[in-house]
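J.: here's my sequence, what's the structure:
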Amino acid sequence: MTPKRIVVTGGTGFVGRTVLARAAARWPEARLVVPTRHVAAGSPVQLLPNVDLVACNLHDPSALGPLLAGADALVHLVAILHGDAAAFERVHVALPRTLARACRDAGVPRVVHISALAVAPDAPSAYLRSKAAGEAAWRDSGLAVTVLRPSVIFGVEDRFTNLFASLQRVFPVMPLAGADARFQPVWVGDVAAAVIACLERPELAGQVVDCAGPQVMTLSEIIHAVGRMAGCERPVLGLPEALGMLQATLMSCLPGEAPMSRDNLLSMRVPSVASGRAMTLQDLGIDPAPLGLLASHFASRRR
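T.: Take a look at the predicted model:
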């Protein structure tokens, strides 16, 4: 497939910016349309010559017809990590349903949807349950959809590793809930490469791809690795879940977005690792990068 018009929801976010950069390089003649509530000057994606930022409220069905008209594909990246059940329902379930109807009406032939590992209708967290319901909305749409399920995504601009590096520069010890939770960290560039592969290979419609890196690591091991790369490794003090829930509750009272919520802790009851039942990055011809890819990034920040 050589697309001429791709709509990328969530294109101004961490993963979206990498997807757009890869798509712009792969298809320089294609128009990459990024809907956003507010078109603000200076957005990094505006530096890409074939990206069009378009003011659009994705939750308004009447705005989606013009947005999707003539589109060869939709890449759906919009998601939230924090919120109550109503917020997760609105973003992860209602929005995919609305977009699916609009894609059918507009005749969009291809959809790539970014979900998450360990989603299930009976998962312990509202986040994972809502992501499972969002996948079901796309499956029930009858569209040619590929679902990508990443573990925690890392990269130079991620909030995850940079936050834990910053905390270790400040605190002498890291009290940590969910220290034994297991992840398979995946590089943002590999997730973007998977999106490109799905758009190029129509036979991947209907497939689920687990996007996971080469290492299964506990949260504690990830934090130690980040600390070593940043030159500020600290001891990790694992907290029992009850105390972790109290910690998350107190964090939610602080201004700004809390680094961890109660729902996040519930999600960590389920390992965020490849299921062994779906396609993998290797099946797409992608050799996933390890977390150590960030070593040069953190080394440069130390100088």
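J.: and residue 97, which of the three is it?
T.: helix (DSSP: H, G, I helix; E, B strand; the rest coil).
J.: leaving out the residues flanking it, which one is nearest to it?
T.: Nearest in space to residue 97, with sequence neighbours left out and distances taken as C-beta to C-beta, 6 or more residues apart in numbering, is residue 137 at 4.6 Å. Every residue, glycine included, has its C-beta placed from N, CA and C.
J.: again with residue 267
T.: Residue 267 sits nearest to residue 125 (C-beta to C-beta, 6+ apart), 4.0 Å away.
J.: pretty sure residue 80 sits against residue 89.
T.: No - with contacts counted by C-beta atoms under 8 Å, residue 80 stays clear of residue 89, the gap being 11.0 Å.
J.: and the two? Which one has more around it.
T.: Shown here are residue 80 and residue 89; by other C-beta atoms under 10 Å, residue 89 has more neighbours (17 against 12).
J.: so who does the more buried one touch?
T.: 130, 133 (C-beta atoms under 8 Å, 6 or more residues apart in numbering).
J.: just residue 45 next, same as before
T.: Going by C-beta under 8 Å, 6+ apart, residue 45 touches 11-12, 16-17, 20, 34, 51, 53.
J.: need the strands for this protein, in chain order.
T.: 5-9, 31-36, 51-55, 73-76, 111-114, 145-150, 153-154, 174-177, 182-183, 186-187, 208-211, 217-218, 236-239, 279-280 (DSSP state E).
J.: buried deepest among those strands, which one?
T.: Of all these, strand 186-187 has the most neighbours on average by mean count of other C-beta atoms under 10 Å, namely a mean of 29.
J.: which elements pack onto that strand?
T.: Helices and strands touching strand 186-187, by 3 or more C-beta pairs under 8 Å, 6 or more residues apart in numbering; DSSP states H and E, are strand 153-154.
J.: so how far is the strand it packs on from its chain's centroid?
T.: Centroid displacement of strand 153-154 relative to its chain, using C-alpha atoms, centre = their mean, to the nearest Å, is 8 Å.
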